[in-house]
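Asks: Generate a structure from the sequence data that follows.
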Amino acid sequence: MRFNPKARLDTSRVGDGGGGAGGGGPMRIPIPGGTRAGGGIGGLVIIILFVVLTQCMGGGGGSLPDTGGTSAGTDASRMDDTERYANCKTGADANDDEDCARVGVENSLVAFWETTLAEQSDTSFSPAMMRTFSGAVDTGCGQASSQVGPFYCPADQKIYLDTTFFADVLEGQLGGQGGDFVEPYVLAHEYGHHIQNLLGTMGQVRTQQGANSDAVRLELQADCYAGMWTRDASDGDALLADLDEGDITEALDSAKAVGDDRIQQKSGQGVDPEGWTHGSSEQRMAWFTTGFEEGTLEACDTFSADRL
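Replies: As a prediction, the model looks like this:
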């Protein structure tokens, strides 16, 4: 993956909160129906497919119940910023620095979805914010620790990630192969949840577990949306100048690594589809591929699909 060295980067939507106090442990968000989410399982992080239960939303953009942490709607941008991204000016910076590459991916996602929603839907686009942190962070969905992995909070429309996740968990604990396109795939998945929030798709989630549940359909659709962006990026845009087959392979390997069946196996459990919330490795790879090959919101309508 290479960026156009002359492209200008926009850091206005990306910030870093530095280290936060870890008290309170991983985020726990009430979900309609009384289920709670968060925590560890068998020594492995519950990835919830890089999301702190976006399905906690009863409808697109509404407030969440008070979890005892930060109230819903909190503007996390009020936290002190470390200016981690202050030196990210051009695509050349993105080619030399992984922090600036993160900015470049965010810029590309914004440009893609602004155009795509205008062309394929009646929904107005507004960008998500992105915030990196270490240790813990206060969000509109409550306090989260780095244990939950990267996630999207629908209450404040922000993507949060502790960047140590990729080496420590995705590659270390879950056995992913790694590579420079792993993080872009994850960010594209998270941005997919933001698009679902804008489209109101989160309001369709009623069933929380099971291989054919609404929760799984939501997560697989976010993978499909990640495939849509990857398709566009592979054709070259104002920012991304070079995306190759190796990048696609890295994305598919990451999707495989966080399949529910793979996580259950890694945690020493038997594979139990009734406990799935995000889909199997095969399903996740298949829906990413659908988005990549078809490139449309219609093709990514997992809620209408007879089979996942």
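Asks: what's the offset of the longest helix anywhere in the chain from the middle of its chain?
Replies: Assignment by DSSP state H gives helix 98-120 as the longest helix of the chain. Centre-to-centre, helix 98-120 and its host chain are 13 Å apart (CA atoms, centre = their mean, to the nearest Å).
Asks: Tell me the buried residues in that helix?
Replies: Judged by neighbour count using 16 or more other CB atoms under 10 Å, the buried positions of helix 98-120 are 99-113, 116-117. (Each C-beta comes from the backbone N, C-alpha and C, glycine too.)
Asks: For Ala144, report the pLDDT, please.
Replies: Predicted confidence (pLDDT) for Ala144: 85.
Asks: where does the protein dip in pLDDT?
Replies: Scanning the chain for pLDDT under 70 picks out 20-80, 166-179, 237.
Asks: Just give me the residue closest to the centre of it.
Replies: Glu190 (2.1 Å; CA atoms, centre = their mean).
Asks: ok, which stretches of the stretch 51-200 of the chain are strands?
Replies: Using DSSP state E, counting those that start in this stretch, the strands of the stretch 51-200 of the chain run over residues 129-134, 136-139, 142-145, 151-153, 158-161.
Asks: elements contacting the third one?
Replies: Secondary-structure packing of strand 142-145 (3 or more CB pairs under 8 Å, 6 or more residues apart in numbering; DSSP states H and E): strand 136-139.
Asks: The strand it packs on: partners in the sheet, and parallel or antiparallel?
Replies: strand 142-145 (antiparallel) (DSSP bridges).
Asks: Output the partner strand as CSV - backbone C-alpha positions only.
Replies: Taking Å, rounded to 0.1, in the frame of the first residue of the first chain, the C-alpha atoms of strand 142-145 are listed here in CSV:
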residue,chain,number,x,y,z
GLY,A,142,-18.9,4.8,28.5
GLN,A,143,-15.3,4.0,29.5
ALA,A,144,-13.4,1.5,27.4
SER,A,145,-10.0,-0.2,28.0
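Asks: From the chain's centroid, how far away is that strand?
Replies: Per CA atoms, centre = their mean, the centroid offset for strand 142-145 relative to its chain is 16 Å.
Asks: likewise stretch 6-17?
Replies: 18 Å.
Asks: Could you give me the buried positions within it?
Replies: Residues of stretch 6-17 classed as buried: Ala7, Leu9, Thr11, Arg13, Val14, Gly15, Asp16, Gly17 (neighbour count, 16+ other CB under 10 Å).
Asks: my read: the third one touches Gly104, true?
Replies: Yep, that's Thr11 we're talking about. No: at 10.3 Å, Thr11 and Gly104 do not qualify as touching, with contact defined as CB atoms under 8 Å.
Asks: Residues in contact with both of these two, list them for me.
Replies: Cys88 (CB atoms under 8 Å, 6 or more residues apart in numbering).
Asks: Okay, helices next: where are they in this structure?
Replies: 91-96, 98-120, 165, 182-199, 214-234, 245-257, 260-266, 281-294.
Asks: Asp306: which of those helices is closest?
Replies: Among the helices of the chain, the nearest to Asp306 by CB to CB is helix 214-234 (11.6 Å).
Asks: hang on, the earlier thing: between the strands of the stretch 51-200 of the chain, which one is nearest to Trp276?
Replies: strand 151-153 (18.2 Å).
Asks: For that closest one, name the packing helices and strands.
Replies: Packing contacts for strand 151-153, counted by 3+ CB pairs under 8 Å, 6+ apart, involve strand 158-161, helix 182-199.
Asks: Pull the longest one out as CSV, backbone CA atoms only.
Replies: It refers to helix 182-199. The C-alpha trace of helix 182-199 is given here as CSV (Å, rounded to 0.1, in the frame of the first residue of the first chain):
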residue,chain,number,x,y,z
VAL,A,182,-4.4,-5.0,8.3
GLU,A,183,-5.1,-1.7,10.0
PRO,A,184,-6.7,-0.1,7.0
TYR,A,185,-9.1,-3.1,6.8
VAL,A,186,-10.0,-2.7,10.4
LEU,A,187,-10.6,1.0,10.0
ALA,A,188,-12.7,0.4,6.9
HIS,A,189,-14.8,-2.1,8.9
GLU,A,190,-15.3,0.4,11.7
TYR,A,191,-16.2,3.1,9.1
GLY,A,192,-18.7,0.6,7.8
HIS,A,193,-20.5,0.7,11.2
HIS,A,194,-20.6,4.5,10.9
ILE,A,195,-22.3,4.2,7.6
GLN,A,196,-24.8,1.8,9.1
ASN,A,197,-25.4,4.3,11.8
LEU,A,198,-26.1,7.0,9.2
LEU,A,199,-28.3,4.7,7.2
